[in-house]
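Enquirer: Build me a model:
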Amino acid sequence: MGTLKDSYTSFLKDIEANIKNKEDLDYIKLRFSQFLDVVLDQMDYIMDYRKEEVEKLEKKQKELDEKMGKVENIVNHIEKDIYSEEGFDFEIICPYCDYEFVIDVDEDKTEIECPECGNTIELDWTGDLDEPQGCKRRLLLM
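Expert: Presented below is the predicted three-dimensional model:
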């Protein structure tokens with residue numbers, strides 16, 4: 001604003017030096033002052049509008065940052081939510097006695113003994129839908 005004030009002062013000095021008629025000088029000063037008031041009012045309006053827009057953007061950015069923080073928290077913990085800390089458990093229903101029990105997934109094991117009846121149950125980790133010998137098995141996420 002210092003430059004604007006200096007330019008205004010310089011303008012007034014210039015017209016005072018070059019306009020000899022007092023009435024013309026006063027008229028030009030009045031009209032220029034009125035014009036300058038309109039320009040300054042418009043500048044104030046624009047500055048206020050821009051300030052409001054910046055405040056809206058800052059508020060929206062804060063909301064987005066909060067949402068992003070929530071998403072990051074979910075993403076950072078998604079593995080824990082999907083997989084239990086103990087790993088996968090496999091629920092088995094014995095085809096001989098219908099006893100249900102849970103074992104840890106161990107793809108190296110090919111058979112397990114039913115803790116109820118003692119019969120051996122063959123394990124198929126391929127995920128084929130065709131269950132051998134009526135064996136009912138399902139995977140549980142615990």
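
Enquirer: Which parts of this protein are strands?
Expert: For the chain, the strands defined by DSSP state E cover 89-93, 100-104, 111-113, 120-122, 136-140.

Enquirer: average pLDDT for the last one?
Expert: Meaning strand 136-140. Throughout strand 136-140, pLDDT has a mean value of 41.

Enquirer: and what of the third one?
Expert: Per-residue pLDDT values across strand 111-113 average out to 90.

Enquirer: which residues sit against that strand?
Expert: For strand 111-113, the external contacting residues (Cβ atoms under 8 Å, 6 or more residues apart in numbering) are 92, 103, 119, 120, 121, 122, 123. The way it works is simple: take the backbone N, C-alpha and C, and place the C-beta from them, glycine included.

Enquirer: Quickly run through the sheet partners of that strand, with directions.
Expert: Using DSSP bridges, strand 111-113 pairs in its sheet with strand 120-122 (antiparallel).

Enquirer: Report the buried residues of the partner strand.
Expert: For strand 120-122, burial by neighbour count (16 or more other Cβ atoms under 10 Å) applies to residue 121.

Enquirer: Quick check: mean pLDDT of it?
Expert: The pLDDT scores in strand 120-122 average 90.

Enquirer: Could you point out which residue ranges in the protein have low pLDDT?
Expert: 1, 79-88, 125-142 (pLDDT under 70).

Enquirer: how long is stretch 105-120 end to end?
Expert: With Cα to Cα, to the nearest Å as the measure, stretch 105-120 spans 17 Å from end to end.

Enquirer: Go through that stretch and flag the buried ones.
Expert: 112, 114.

Enquirer: any chance of the contacts of strand 111-113 in CSV, with distance to residue 7 too?
Expert: Output for the contacts of strand 111-113, formatted as CSV (distance: Cβ to Cβ, whole Å):
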residue, distance to residue 7
92, 90
103, 87
119, 101
120, 99
121, 95
122, 95
123, 90
